[in-house]
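# Fold the following for me, if possible:
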Amino acid sequence: MITLHKADSTNELQEIYHLRYMVYATEMKKNIHSSTEQLFDQYDEWGINYYALDGTKLVGCIRLNVGFAHQFDNVWHERMAVPGLFDNNPKIGLVSKLLIHPEYRSTNVMFSLVKLGYQTLLDLEVQMNFITCAPSLIRLYERLGFIRYRHHYIDKELGFLAPLLLFPRDRQYLKEISSPLWRIGRKIENNLNDHSVKRNLLSTLPEYCSKIISADSVYEIVNNLVGFQNISVFESFSYDEILLILEGAVLIHSKIGDPIITKGEFDNELFILLEGDLLAENSKIDIGEPLSVDPFLKGSHHTINIITKIDSTFLVVSRKNVMGLVVRKRELYNKLIENISEYSSQKIV
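Numbers count the residues shown, from 1 in each chain. Below you'll find the model as predicted:
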């Protein structure tokens, strides 16, 4: 039986820190080093840490920091803030270190922790909540109610991260997108701030995405830019088969000089170049081609660096979504892996 708890003791926190290290450093092979095999930072000093147990086994955790803009450090502001967003000193939240033990990712542990975190945001009257995530998780958080509003950045430990923002008390939007959080928040009073003012501010930003882009819309955009017949990964795929793969895919726009693939890192995504130009070691990547496919196939580290020479657009396919095809559509999974492998055998990256 899964039970949820708030960490109040040093022993509880140390177990959480160890789970973080196990997931980020051991499993995901992120650039994290700790002699104690624990991962923590300054936000743990004033954060709220919840965790999930299966009996006595730690199977998940989540951290919340709730306060005002001045309590968050300069690095956070550089990555997350935009001019005018914190006018009138709103109460803000930061959700981070949401991790699930590998054996429990097909259970409801993650959503149970998310619901508990969301209820805490409501109880503490948080007006805006922030989170960062890898490209493979963007669709998941968008379905919960988060929106993309500014450019991604590269964290020296965790790699490629996208900032997202949630208005916890915006019942109308949560209902509109059928967020599972809506049933929790539908009874709250929504008069703490005017969401429309902040949304209007965000709508002036080039990275702002006001709605979830469906798999159908992603298909249309990619097809207009490149044409799926020109993407070797999707060779001989039907429209319906492509849509299944696009369920967990996102479009990423990168600026000139952005690092897309970093030597030594491990990612859970396959990047496919749709427009732009790249600087890659010992190779040229053409429009419609995937980047650094061997790590995606083998779960290994990248062996080269790839950066954008000009502003570029990518289709990013989630490894998790691809692996989900093993059970649902094994034949489709085999065909996709065969296409990627054939491409890999012909290219350096």
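
# pretty sure Ser318 is touching Leu140, no?
No: taking contacts as CB atoms under 8 Å, Ser318 lies outside contact range of Leu140: 9.1 Å. No exception for glycine: its C-beta is placed from N, CA and C like everyone else's.

# So between these two, which is more surrounded?
Taking neighbours as other CB atoms under 10 Å, Ser318 and Leu140 compare with Ser318 leading, 24 against 15.

# how about low-confidence regions in the stretch 1-150 of the chain?
Across the stretch 1-150 of the chain, nothing is flagged by pLDDT under 70.

# Where do the strands of it begin and end?
Using DSSP state E, counting those that start in this stretch, the strands of the stretch 1-150 of the chain run over 2-6, 48-54, 57-67, 92-100, 128-133, 147-148.

# For the fifth one, which outside residues touch it?
To tie it back to what came earlier, the one meant is strand 128-133. With contact meaning CB atoms under 8 Å, 6 or more residues apart in numbering, strand 128-133 is reached by 79-80, 85, 90, 92-96, 98, 121, 140-141, 146, 155, 161-168, 198.

# In helices, which of those residues fall?
Using DSSP state H, the subset of these located in helices is 79-80, 121, 140-141, 198.

# now do the same end-to-end measure for stretch 299-309.
With CA to CA, to the nearest Å as the measure, the first residue of stretch 299-309 is 27 Å from its last.

# Can you dump the C-alpha atoms of the helix ranked longest in the chain in CSV for me?
Counting residues, the longest helix found in the chain (DSSP H) is helix 330-346. Output of helix 330-346 as CSV, limited to C-alpha atoms (Å, rounded to 0.1, in the frame of the first residue of the first chain):
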residue,chain,number,x,y,z
ARG,A,330,5.3,-4.0,-30.7
GLU,A,331,5.4,-4.1,-34.5
LEU,A,332,5.4,-0.3,-34.7
TYR,A,333,8.2,-0.1,-32.1
ASN,A,334,10.3,-2.6,-34.1
LYS,A,335,9.9,-0.7,-37.3
LEU,A,336,10.9,2.6,-35.6
ILE,A,337,14.0,1.1,-34.0
GLU,A,338,14.9,-0.5,-37.3
ASN,A,339,14.7,2.8,-39.1
ILE,A,340,16.8,4.6,-36.4
SER,A,341,19.3,1.8,-36.4
GLU,A,342,19.6,1.9,-40.2
TYR,A,343,20.2,5.6,-40.1
SER,A,344,22.8,5.1,-37.3
SER,A,345,24.8,2.6,-39.4
GLN,A,346,25.1,5.2,-42.2
